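Asker: coordinates only, sequence not included:
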């Protein structure tokens with residue numbers, strides 16, 4: 001297990017290094033922030049002064065070397081617009097995005113696994129057909145349209161839930177969270193459900209296919225022959241075996257929820273990292289864009305590492321293959 005962990009950490013560091021190079025070169029090759037930050041009537045001298053102050057007058061290789069050196073010391077640059085460390089701005093918005101992503105993940109699990117298992121156990125029932133038809137809608141409908149329809153229904157027509165924002169927060173170990181209060185949870189429900197709907201549809205299909213395969217296995221037949229109750233067979237034998245692919249996919253989907261919550265946060269004016277990214281792109285605030293992308297890369301790599309370790313813990317064959 002130790003060799004498996006060391007190998008995965010080495011691969012993770014290589015991925016982070018490669019992505020840092022790609023992110024820097026791709027972002028710094030697009031547009032010139034000086035054109036946006038400078039006064040429209042500024043002359044060439046003033047433009048050159050702004051460029052020098054921001055360090056944009058240096059050759060690209062020198063800028064990249066400085067970026068790598070500073071990144072190794074925890075500095076991803078200062079925002080051109082806010083004149084604050086870009087990493088600080090990202091970290092300030094991170095709790096909101098992480099909270100939204102985790103609540104959406106829990107919603108997708110709570111909705112997807114029971115419906116998928118039921119659909120797999122009763123494949124010919126009308127309820128199973130309805131569940132699978134609903135999962136197709138979950139795949140097909142775009143997030144922004146779902147968000148707008150939820151706002152129209154629950155905020156405008158019924159007036160049950162707020163249409164945007166984050167609402168009141170409570171500090172837990174210095175981290176602001178909103179799900180601990182009812183009012184904060186009301187602000188969180190619509191964006192979290194919007195983000196969770198696609199993932200729930202994916203979990204439904206994974207759980208259904210896994211259940212259909214598991215009920216035909218010999219260990220399930222043996223459990224039935226022993227006289228175990230259907231509930232125990234499902235919870236102990238079926239559910240445990242279908243969780244391996246579900247855990248793998250949900251780990252990857254959690255990273256995508258964090259990275260691609262941009263649309264949901266924009267629709268609901270939710271003050272997370274995605275909203276900050278959209279504002280920074282409009283202003284060509286390069287350090288904030290790079291800091292956001294690097295933070296997402298690190299989150300993806302860490303989640304994948306955790307998923308690999310969980311996979312090895314759930315399936316001993318993974319450890320044996322690495323040992324060989």
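Answerer: Great, that's in hand. The model shown is predicted, which means the values in this text are computed figures rather than measured ones.
Asker: for the rest of this, base every contact and every neighbour count on C-alpha atoms.
Answerer: Noted.
Asker: excluding residues flanking it in the chain, which one is nearest residue 164?
Answerer: Of all residues not flanking residue 164 in the chain, residue 268 sits nearest, at 4.4 Å (CA to CA, 6 or more residues apart in numbering).
Asker: you'd agree residue 192 is up against residue 104?
Answerer: Yes - the pair residue 192 / residue 104 is scored as a contact, 4.6 Å apart, by CA atoms under 8 Å.
Asker: circling back to that earlier point, the residue nearest to residue 164 - how many residues pack around it?
Answerer: Residue 268: 23 surrounding residues under other CA atoms under 10 Å.
Asker: who's in contact with it?
Answerer: 147, 163, 164, 165, 191 (CA atoms under 8 Å, 6 or more residues apart in numbering).
Asker: now do the strands in the stretch 1-150 of the chain.
Answerer: For the stretch 1-150 of the chain, strands defined by DSSP state E, counting those that start in this stretch do not occur.
Asker: the residue nearest to residue 164 and residue 214, how far apart?
Answerer: Residue 268 sits 40 Å away from residue 214, going by CA to CA, to the nearest Å.
Asker: could you identify the longest helix within this protein?
Answerer: helix 86-121 (DSSP state H).
Asker: now that helix: average pLDDT?
Answerer: Averaging pLDDT along helix 86-121 yields 87.
Asker: who are the packing partners of that helix?
Answerer: The helices and strands touching helix 86-121, judged by 3 or more CA pairs under 8 Å, 6 or more residues apart in numbering; DSSP states H and E, are helix 126-140, strand 175-177, helix 182-214, helix 239-259, helix 273-283, helix 286-314.
Asker: what residues sit buried inside it?
Answerer: Within helix 86-121, the residues that qualify as buried are 86-90, 93-105, 107-109, 111-121, counting by 16 or more other CA atoms under 10 Å.
Asker: please apply the same query to stretch 177-193.
Answerer: By neighbour count on 16+ other CA under 10 Å, the buried set for stretch 177-193 is 177-179, 183-193.
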